[in-house]
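Engineer: predicted structure and sequence below. I'll ask about it afterward.
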Amino acid sequence: QVQLVESGGGLVQAGGSLRLSCAASGRTASTSAMGWFRQAPGKEREFVAAINWSGSTTYYAGSVKDRFTISRDNAKNTVFLQMNSLKPEDTAVYYCAARPYDTSRSSGSYDAWGQGTQVTVSS
């Protein structure tokens, strides 16, 4: 089982940037695909970005493509989400998730979740 801890959330003005981190621990951390999801108040959790275990494959939701970048440092068992050109509609709790090997856009296919970190973008 993989344990996940997110950090890096906060309050930022529209157009600003934030970098989220997700520290993973556990026996299978280095071979897990990682995903970022977010959930705004009153809305369902949605896919943001995902990266496979080696970092060679990434996927993005259309709403964040070209603004967000997912990456990972397997030596440090950490996944990052660089968020640029933030918009008020990016406001949500952001969750890191893990699943074995291959990426997925489906939250139901991930078997480990972090506690979430709040991102608030003011207009």
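Structural biologist: Looks like it arrived, so ask away.
Engineer: grab the nearest non-local neighbour of the residue nearest the centre of the chain.
Structural biologist: Centroid-nearest residue in the chain: residue 36, 2.4 Å away (criterion: Cα atoms, centre = their mean). The shortest distance from residue 36 to any non-neighbouring residue, by Cβ to Cβ, 6 or more residues apart in numbering, is to residue 48 (4.3 Å). All C-beta spots, glycine's among them, are computed from the backbone N, C-alpha and C.
Engineer: OK, contacts around the one you found?
Structural biologist: For residue 48, the contact set (Cβ atoms under 8 Å, 6 or more residues apart in numbering) comprises 35-38, 60-61, 64, 68, 81, 94.
Engineer: can you give the distance of stretch 71-78 from its chain's centre?
Structural biologist: A distance of 13 Å separates the centroid of the chain from that of stretch 71-78, by Cα atoms, centre = their mean, to the nearest Å.
Engineer: and if you look at stretch 32-48?
Structural biologist: The mean C-alpha position of stretch 32-48 is separated from the chain mean by 8 Å, Cα atoms, centre = their mean.
Engineer: what does the average pLDDT come to for that stretch?
Structural biologist: Average pLDDT, stretch 32-48: 96.
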